[in-house]
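Undergrad: Give me a model of this one.
(one chain, ligands or ions: 3)
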Amino acid sequence: MSKPRLFITRELFPDVIEKLKKCYDVEVWDRYQTPPYEVLLDKVRSADALVTLLSDRIDCNLLQQAKRLRIIAQYAVGYDNVDVECATRLGIYVTNTPGVLTEATAELTWALILAVARRIVEADTFVRWGEWWRTKTSWHPHMVLGVELRGKTLGVIGLGRIGLRVAEMGKAFGMKVVYYSRSRNEALEKELGAEYRDLDTLLQEADVVTIHVPLTKETYHMINEERLRKMKRTAILINTARGAVVDTNALVKALSEGWIAGAGLDVFEEEPLSPNHPLTAFKNVVLTPHIGSATYEARHAMAELVAENLIAFYEGREPPTLVNKEVLKIRPPGFR
Ligand code: NAP
Ligand code: GLV
Ligand code: GLV
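TA: Ligands and ions are numbered 1, 2, ... in the order given. From the prediction side, this is the model:
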């Protein structure tokens with residue numbers, strides 16, 4: 001039997017590709033940019049398996065033309081770019097990479113919280129571009145003042161894997177932790193000393209609001225104008241989940257009119273973000289280019305998990321991090 005054909009939409013790690021080559025006939029899209037939709041369409045027509053990134057749009061139109069496709073292994077934990085319902089209907093397995101990027105994303109979240117609270121990017125610019133030198137300030141009691149976190153309230157929206165780690169780190173900083181999530185976890189509340197709030201109460205109480213829900217129909221624009229108006233004028237908003245959980249236009253308005261004190265954003269409704277976007281004009285906003293999982297450790301572990309899923313499927317086993325379990329009833333794993 002010839003090997004099933006695997007199309008990978010971006011370069012992963014060579015050791016992982018070698019592993020995959022034992023089971024699959026591998027083709028890698030080796031450009032830095034996302035393959036255009038037309039290229040994806042062309043590639044999936046002959047692919048048995050696919051490795052996708054969150055920037056690849058895998059919609060129902062594409063899936064319907066992927067007659068041989070049996071499995072999509074997403075190289076990310078979030079999979080809002082994949083029409084999973086449609087995939088399930090067509091008997092296509094979808095896997096993701098949960099857990100292995102939790103630490104990296106929680107740490108990036110804290111990097112943003114600290115960067116906004118202590119104005120790190122502004123301070124760096126002040127030194128680097130010679131303002132400190134020119135003004136001969138040396139040291140001044142009022143220079144680049146920020147806010148302290150100890151004793152303040154951290155509001156976590158979505159207490160899943162990443163939200164929980166961010167909450168634990170909040171405890172280490174001496175913050176009070178409140179959370180809002182789809183389901184309450186009372187055991188965890190006791191263990192962590194976190195308190196549950198409904199979303200509007202959380203927004204009213206928190207000094208730092210940090211978003212960790214997936215992007216779904218329910219969470220789209222969850223943080224809208226009305227909700228932003230509920231936040232404290234001194235509060236900071238952090239988003240390392242998905243851009244579209246926040247209504248960007250409302251956020252720009254909130255920042256322009258001072259409804260909130262600042263924001264740290266790793267994700268955007270449109271990526272890449274244009275340098276002309278109004279968000280780039282605010283000094284009290286720190287922007288990063290969707291690098292939540294961008295550590296050597298996480299990215300390699302994600303690639304390993306993608307390979308584990310694909311190899312399990314090849315061997316006729318249930319992939320370890322299968323997203324659409326219902327597909328098991330439609331078609332058994334494997335290429336036979
Ligand atoms: P997770 O463990 O599934 O956590 C998500 C949490 O959100 C769960 O507790 C879930 O509740 C809750 N939730 C889902 N829908 C909700 C709703 N409508 N209202 C309130 N709460 C809701 O996922 P994770 O591994 O922590 O990842 C979270 C998200 O972070 C991913 O989906 C991804 O979009 C994003 N992410 C971004 C980066 C980055 O590079 N910036 C990196 C990694 C992840 P239940 O417990 O009831 O399911
Ligand atoms: C990154 O954004 C992910 O969902 O893994
Ligand atoms: C600051 O550098 C201090 O010593 O207080």
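Undergrad: Summarise which helices and strands the helix or strand hosting residue 163 is packed against.
TA: Assigned by DSSP states H and E, residue 163 belongs to helix 161-172. Secondary-structure packing of helix 161-172 (3 or more C-beta pairs under 8 Å, 6 or more residues apart in numbering; DSSP states H and E): helix 102-117, strand 153-157, strand 176-180, helix 186-192, strand 208-211. (Glycine included, C-beta is placed from N, CA and C.)
Undergrad: mind giving me JSON lines with these and columns for mean pLDDT?
TA: Shown next, in JSON lines, are the helices and strands packed on helix 161-172 (pLDDT from 0 to 100):
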{"stretch": "helix 102-117", "mean pLDDT": "99"}
{"stretch": "strand 153-157", "mean pLDDT": "98"}
{"stretch": "strand 176-180", "mean pLDDT": "98"}
{"stretch": "helix 186-192", "mean pLDDT": "90"}
{"stretch": "strand 208-211", "mean pLDDT": "99"}
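Undergrad: In the stretch 51-200 of the chain, which residue sits nearest ligand 1?
TA: residue 160 (1.7 Å; C-beta to the nearest ligand atom).
Undergrad: hey, where'd the helices end up in the protein?
TA: 14-21, 37-44, 60-64, 84-89, 102-117, 120-128, 131-134, 161-172, 186-192, 199-205, 225-230, 248-256, 296-314, 327-330 (DSSP state H).
Undergrad: Spell out which parts of the stretch 1-150 of the chain neighbour ligand 2.
TA: 54, 76-78, 101 (C-beta under 6 Å from any ligand atom).
Undergrad: ok, 8 Å please
TA: 54, 75-79, 96-97, 101, 105 (C-beta under 8 Å from any ligand atom).
Undergrad: Of the helices and strands packed on helix 161-172, which is nearest residue 313?
TA: helix 102-117 (23.8 Å; C-beta to C-beta).
Undergrad: Give me the pLDDT for the residue positioned nearest the centre of the chain.
TA: Centrality entry for the chain: nearest residue to the mean C-alpha point is residue 241, 4.0 Å, by C-alpha atoms, centre = their mean. Here the pLDDT value assigned to residue 241 is 99.
Undergrad: ok, now which ones touch residue 252?
TA: By C-beta atoms under 8 Å, 6 or more residues apart in numbering, the residues touching residue 252 are 278-279.
Undergrad: oh, I was asking about residue 19
TA: Counted by C-beta under 8 Å, 6+ apart, residue 19 has contacts 307, 311.
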